[in-house]
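Novice: Following is a predicted model, sequence given first.
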Amino acid sequence: MKIYGALEAGGTKMVCATGLADGTILEQTSIPTTTPDDTVEKIADFFSDKGIVSLGIATFGPVDVKKGSPTYGCILNTPKLAWQNYNLLSALKKRISVPMEIDTDVNGSCLGELTFGCAKGLDSVIYITIGTGVGVGIAINGKLMHGMLHPEAGHILLNKHPDDPYPGKCPFHPNCMEGLCAGPAIEERYGKPAFELSDRQDVWELEAYYIAQAIVDFVCTLSPRKVILGGGVMHQEQLFPLIRKKTKELLNGYIETAELADMENYIVPASLHDDQGIMGAVQLAKWAENGAD
Ligand code: ADP
Ligand code: ZN
């Protein structure tokens, strides 16, 4: 049986795993993200005796995912300075000689759900993670969307709620989704971490107000067949009914599809028990093996 290597590269930890074609994870370990060379050395050590046929990498970004670009595989303008302009892909290729495929962490999660999870068989789907930041992975016609860089849809601009005085946490935009909705924004707005605010109805009403605005924009621009919501903040399950209701209100009947008529199955939680990213990386490895373009 072929064994695939999967790497979910994050700013605080690197999840390394081996898996099978059907998404089964065989072995998994987590390595703290320190300096680039040290970290890559440890990743290479993990994979050295695993007999992997290829490696899929789902990484934090921004990252150059354009094949043929001179900086293909490079981590770009990250606040983690040691990693800025570090070519993760070529550093791994120097140490591990198997075909590799690299994409963003959120595209990886999107691909995991598309291949093995609740979006199986759908042609177009989006995956929104709301955690330390907000990121959006987009699959269109079965392929992950890149464009000139890759979507940075966590930074779409939203209408501020008239009763929300919070100035936003994003240093670039006073009213972007990440700055208003991510875990650190909730914590700063209310002075308590999000998971301690479970019973505060007003917190989740406001959160749903913002998330629903973003979903409406994505529904109108990308026409996804499903919207999957993951990340730490979405562990607050009471958000789902609030988001569905608000999305419906904001769409205001303008778009009528079978999918939107079935909101319960349209806006859904991630289905792979927080393994969607690493399982997506397994699928990236399968693409690498087959020389995906
Ligand atoms: P990351 O985005 O760094 O990969 P997470 O998706 O776990 O990690 O997101 C971390 C953020 O999510 C933190 O801001 C944390 O406060 C928030 N968070 C984690 N668990 C919960 C929870 N159960 N309820 C609400 N917020 C949570
Ligand atoms: Zn922003």
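Specialist: It's in. Residues are numbered from 1 along each chain as shown. Ligands and ions are numbered 1, 2, ... in the order given.

Novice: Select the longest helix from the protein.
Specialist: Counting by DSSP state H, the longest helix found in the chain is helix 201-222.

Novice: Rounded mean pLDDT for that helix, please.
Specialist: Taken as a whole, helix 201-222 has an average pLDDT of 98.

Novice: where does the stretch 151-293 of the chain come near ligand 1, residue by residue?
Specialist: Residues of the stretch 151-293 of the chain that fall close to ligand 1, judged by CB under 6 Å from any ligand atom: 183-184, 187, 193-195, 231-233, 235-236. Glycine gets a C-beta too; all of them are placed from N, C-alpha and C.

Novice: Out of those, which are close to ligand 2?
Specialist: Subset of those in contact with ligand 2: empty, counting by CB under 5 Å from the ion.

Novice: wait, which of those residues is closest to ligand 2?
Specialist: Ranked by distance to ligand 2 (CB to the ion), these are led by Pro184 at 12.3 Å.

Novice: The chain: strands as residue ranges?
Specialist: In the chain, the strands defined using DSSP state E lie at 4-9, 13-19, 25-32, 55-59, 100-104, 125-130, 134-140, 143-144, 227-230, 267-269.

Novice: what about this protein, any weak spots by pLDDT?
Specialist: Residue ranges of the chain with pLDDT under 70: 292-293.

Novice: Roughly how far does Gly51 sit from Gln238?
Specialist: Distance check for Gly51 against Gln238: by CB to CB, to the nearest Å, it reads 45 Å.

Novice: where's the closest residue to ligand 1 within the stretch 151-293 of the chain relative to Gly19, distance?
Specialist: Nearest residue of the stretch 151-293 of the chain to ligand 1: Gly183, at 1.9 Å (CB to the nearest ligand atom). To Gly19, Gly183 is 28 Å away according to CB to CB.

Novice: which one of those two has more residues nearby?
Specialist: The neighbour comparison of Gly183 against Gly19 (other CB atoms under 10 Å) goes to Gly19, with 27 against 19.

Novice: List the beta-bridge partners for the closest residue to ligand 2 within the stretch 1-150 of the chain.
Specialist: Nearest residue of the stretch 1-150 of the chain to ligand 2: Val134, at 8.7 Å (CB to the ion). Judged by DSSP bridges, the bridge partners of Val134 are Ile130.

Novice: just the helices in the chain please.
Specialist: Going by DSSP H, the chain shows helices at 36-48, 88-95, 105-116, 177-181, 183-190, 201-222, 239-251, 258-261, 263-266, 276-289.

Novice: Next one: the spatially most central residue of the chain from ligand 1, what distance?
Specialist: Geometric centre of the chain, nearest residue: Val106, 2.0 Å, by CA atoms, centre = their mean. Per CB to the nearest ligand atom, to the nearest Å, Val106 is found 10 Å from ligand 1.

Novice: Make sure that residue is actually in contact with Ala139.
Specialist: No. Using CB atoms under 8 Å, Val106 is not in contact with Ala139, being 10.7 Å away.

Novice: just to revisit the earlier point, contacting residues for the residue of the stretch 151-293 of the chain closest to ligand 1?
Specialist: 130-132, 193-194, 231-233 (CB atoms under 8 Å, 6 or more residues apart in numbering).
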